[in-house]
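**Student:** I need the structure of the sequence given here:
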Amino acid sequence: MDLVIIDYDAGNLRSVTRAVERTGIMPRVTADPSDIDHADAVILPGVGAAADTMLKLRERGLVDPIHAYIASGRPFLGVCMGLQALFDSSEEGDGQTCLGAIHGRVLKFATGTLKVPHMGWNTVDWVRDHPVIDGIPSGRAFYFVHSFYPAPADESVTLGTTEYGVRFASVVSRDNVVATQFHPEKSSDNGLRLYANFVDWARAGVMAQPVPATGGAR
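**Tutor:** Presented below is the predicted three-dimensional model:
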């Protein structure tokens with residue numbers, strides 16, 4: 001299986017790669033748009049600012065390939081900024097247009113008594129089932145580092161929620177796209193289980209592909 005991790009100088013690139021390798025898959029870390037075109041599964045990692053993320057994705061010619069890949073129906077996982085970048089826009093700065101793969105906005109946490117960024121372990125409650133969270137009980141803790149949170153326009157895309165001054169969608173999924181606001185690669189066994197589940201979900205999709213007429217296996 002060809003699993004691609006998109007390289008746009010994201011700060012968590014190496015740790016995501018190591019987490020995927022522990023599933024037995026050797027991912028390709030690449031900024032080449034053609035690699036995304038031919039991938040069986042894609043992970044978009046990320047930390048930092050939405051403006052920097054979108055600038056680097058545009059500079060490397062990755063925006064259109066990401067849109068085309070998602071439209072193809074193949075499994076896609078976004079992590080932290082990789083989740084926020086999927087939404088229409090972010091409140092960061094004067095406002096930042098993002099990928100628009102999932103409708104909604106990314107909002108800044110209100111300050112007040114909350115410490116921002118939201119940093120450390122916090123629980124995630126599942127609101128429905130999905131293969132990527134199989135075997136991970138609701139209410140388990142994952143590791144977060146973020147100052148903004150997603151607010152989907154359609155609540156049906158919410159897969160998991162977390163409370164931090166406001167209850168927000170900490171995991172979203174729509175069709176072939178899943179994304180987490182927390183960092184699975186920093187979240188011990190449950191985070192590694194999520195990566196393993198994503199790999200299994202992607203592998204099942206590959207196995208379900210029709211065999212070419214020539215008889216060769218994909």
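**Student:** Only C-alpha atoms from now on, for both contacts and neighbour counts.
**Tutor:** OK.
**Student:** Compute the distance between the nearest residue to residue 136 once chain neighbours are set aside and residue 155, please.
**Tutor:** Closest residue to residue 136 apart from its sequence neighbours, by C-alpha to C-alpha, 6 or more residues apart in numbering: residue 190 at 6.4 Å. In this view, residue 190 and residue 155 are 24 Å apart by C-alpha to C-alpha, to the nearest Å.
**Student:** likewise residue 198?
**Tutor:** 22 Å.
**Student:** Go ahead and name everything in contact with the biggest helix by length in the chain.
**Tutor:** The residue-count maximum for a helix in the chain (DSSP state H) belongs to helix 188-207. Outside of helix 188-207, the residues within contact range by C-alpha atoms under 8 Å, 6 or more residues apart in numbering are 1, 19-20, 22-23, 25, 40-41, 74-75, 77, 131-136, 140, 142, 183-185, 218.
**Student:** C-alpha coordinates for it, PDB please?
**Tutor:** Taking C-alpha atoms only, helix 188-207 is exported to PDB below (Å, rounded to 0.1, in the frame of the first residue of the first chain):
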ATOM      1  CA  SER A 188       0.500   7.000  23.600                       C
ATOM      2  CA  ASP A 189      -1.300   3.700  22.800                       C
ATOM      3  CA  ASN A 190      -4.600   5.100  21.800                       C
ATOM      4  CA  GLY A 191      -3.000   7.500  19.300                       C
ATOM      5  CA  LEU A 192      -1.000   4.700  17.800                       C
ATOM      6  CA  ARG A 193      -4.200   2.600  17.600                       C
ATOM      7  CA  LEU A 194      -5.800   5.400  15.600                       C
ATOM      8  CA  TYR A 195      -3.000   5.400  13.100                       C
ATOM      9  CA  ALA A 196      -3.200   1.600  12.900                       C
ATOM     10  CA  ASN A 197      -6.900   1.800  12.300                       C
ATOM     11  CA  PHE A 198      -6.400   4.400   9.600                       C
ATOM     12  CA  VAL A 199      -3.900   2.100   7.900                       C
ATOM     13  CA  ASP A 200      -6.300  -0.900   8.100                       C
ATOM     14  CA  TRP A 201      -9.100   1.200   6.800                       C
ATOM     15  CA  ALA A 202      -7.000   2.300   3.800                       C
ATOM     16  CA  ARG A 203      -5.700  -1.200   3.200                       C
ATOM     17  CA  ALA A 204      -9.300  -2.500   3.100                       C
ATOM     18  CA  GLY A 205     -10.100   0.100   0.500                       C
ATOM     19  CA  VAL A 206      -7.100  -1.000  -1.600                       C
ATOM     20  CA  MET A 207      -8.100  -4.700  -1.300                       C
END
